[in-house]
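**Q** sequence first, predicted coordinates after that:
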Amino acid sequence: MGFMSVAENLKAIRAQIGAAAVEAERDPASVHLVAVSKVQPDERIEEALAAGHRLFGENRVQEAQQRWGGRKALFSDLRLHLIGPLQTNKTGDAVALFDVIETLDREKLAKVLAAEMEKQGRRLPCFIQVNVGEEPQKSGILPQELEDFYRYCVDECSLDVRGLMCIPPAEEPPSFFFALLRQQAQALGLQDLSMGMSGDFEQAIALGATYVRVGTGIFGERIY
Ligand SMILES: *Cc1c(COP(=O)(O)O)cnc(C)c1O
């Protein structure tokens, strides 16, 4: 993997996504590849753009602004997903920069985001992050609290909630958690599922992922 170019990696991952979708009797076009560009050096980002990729994920607002602020003007079809925790004091910048917020995870944030979207006239699609493994160190809504939180986001805040997102526990097989997320989305009538990373996106596709978030599989290891 380390010696392959970003373009080659992208091609390989797209092929794997296609095969996993076909295997699951799904339309390959129903699975979107979010290229997770956090921490990656500029030349790798440029390679991905040159290869025609336009959908990227970032987990920090400030870092994303530095990387994408200027490029947004150059690529009108660029789409940016926020996939990391959002502090309420950064919601203004986040709403201005991103196209989708995947990490809606608490009432305070829902309320502040709604106000900010109203102010900027940008009603972004949102995903609710679910803490599927009920891990104390992880953000996300607990599965048993999801329905109430969803209702709050939609009824009280008028947010455009499109789907659910999860990061399953690192040490356990992910399929149980992917299935749980799918079942919760179905119960709420939500279409989109953001789940699956470099190591497990094929399993996520088998269980209904519509967005997979792949970083190292495309760009190589992150050097912190
Ligand atoms: C970093 C990150 C990814 C990508 O992880 P890889 O293992 O590099 O594919 C996916 N989702 C989230 C939320 C992340 O923070």
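**A** In hand now; what should we look at?
**Q** near the ligand at all, the longest helix seen in the chain?
**A** Ranked by residue count under DSSP state H, the longest helix found in the chain is helix 6-23. No: applying Cβ under 6 Å from any ligand atom, one finds helix 6-23 out of contact with the ligand, separated by at least 9.7 Å. Glycine gets a C-beta too; all of them are placed from N, C-alpha and C.
**Q** what's the nearest residue in this structure when you look at the ligand?
**A** Using Cβ to the nearest ligand atom, the single residue of the chain nearest to the ligand is residue 215, 2.8 Å away.
**Q** I'd guessed that residue sits against residue 34; true?
**A** No: using Cβ atoms under 8 Å as the test, residue 215 is too far from residue 34 to be in contact (9.1 Å).
**Q** tell me which of the two has more neighbours.
**A** Per other Cβ atoms under 10 Å, whichever of residue 215 and residue 34 has more neighbours is residue 34, with 25 against 21.
**Q** assign a three-state SS to the more buried one, would you?
**A** strand (DSSP: H, G, I helix; E, B strand; the rest coil).
**Q** skipping adjacent residues, who's closest to it in space?
**A** With sequence-adjacent residues excluded and distances taken as Cβ to Cβ, 6 or more residues apart in numbering, residue 34 is closest to residue 57, at 4.2 Å.
**Q** what sits against that neighbour?
**A** With contacts defined as Cβ atoms under 8 Å, 6 or more residues apart in numbering, residue 57 is in contact with 34, 35, 36, 37, 38, 80, 81, 82, 83, 102, 213, 215.
**Q** now residue 134: which helix or strand?
**A** Taking DSSP states H and E as the definition, residue 134 sits outside all helices and strands.
**Q** number of nearby residues for it?
**A** 12.
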